[in-house]
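With the sequence up front, the predicted model follows.
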Amino acid sequence: MALRMGLGILMLVVLHASWMCDARQLMGSETLRIGSGLKNNQVCTLCETYATQAIGYLSQNKTQEEVIDLLHTSCSRLRSFEDECVTLVDYYAPLFFLEISTIQPEVFCEKVNLCEAMAISSQSVDGDSNSCNLCHQAVSEIISKLEDPDTQVRSHVIPCGLSGFDNISSL
């Protein structure tokens, strides 16, 4: 039980620290070096996995009761401010847990800069012009990437695959 309480407090501290810190600043510091084998999408996936687990753990009634009991115990040590402390805990702890329950792991990891935002956002396609522009932009980007001399698959794809794109502007 003490281990669960300690883990809960640790998760609260980590969650608080992640709100206060920008992951891009950490990546530039010398204190944190991520191995070259760990790619951005893996970091993003790990962030989303752990955020989901932490949110699930903190959303459990038993965990919330343990955290509030621990905070009440801490308040009892403040002697002259015990009543004010208990009032603050009783008021803000439910608000904190309510806020935790609204966090979406994908959004959270993006806000702490561990996941990158999608380059092409999902757009509502009300008219054909939007879908055509998006399609033309995507095809143009693919063609430019394939025509890049540094692209390794250029010799395989261009001779057999781009002949159908000659009439793309007439669409």
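Perfect, thanks for sending it.

Give me the distance between residue 52 and residue 105.
Distance, residue 52 to residue 105, using CB to CB, to the nearest Å: 5 Å. In this view, the C-beta of every residue, glycine as well, is placed from N, C-alpha and C.

My error: substitute residue 75 in the last question.
From residue 75 to residue 105 the distance is 31 Å (CB to CB).

any residues touching stretch 92-103, and which ones?
15, 51, 55, 58-59, 64, 67-68, 71 (CB atoms under 8 Å, 6 or more residues apart in numbering).

With only the CA atoms kept, save that stretch in PDB.
Taking C-alpha atoms only, stretch 92-103 is exported to PDB below (Å, rounded to 0.1, in the frame of the first residue of the first chain):
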ATOM      1  CA  TYR A  92      -8.400  21.400  -5.100                       C
ATOM      2  CA  ALA A  93      -7.800  17.700  -5.100                       C
ATOM      3  CA  PRO A  94     -11.100  16.800  -6.800                       C
ATOM      4  CA  LEU A  95     -10.500  19.600  -9.300                       C
ATOM      5  CA  PHE A  96      -7.000  18.200  -9.900                       C
ATOM      6  CA  PHE A  97      -8.300  14.700 -10.500                       C
ATOM      7  CA  LEU A  98     -11.100  16.100 -12.800                       C
ATOM      8  CA  GLU A  99      -8.500  17.900 -14.800                       C
ATOM      9  CA  ILE A 100      -6.400  14.800 -15.100                       C
ATOM     10  CA  SER A 101      -9.400  12.800 -16.400                       C
ATOM     11  CA  THR A 102      -9.800  15.300 -19.300                       C
ATOM     12  CA  ILE A 103      -6.200  14.900 -20.500                       C
END
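
Fine, thanks again, bye for now.
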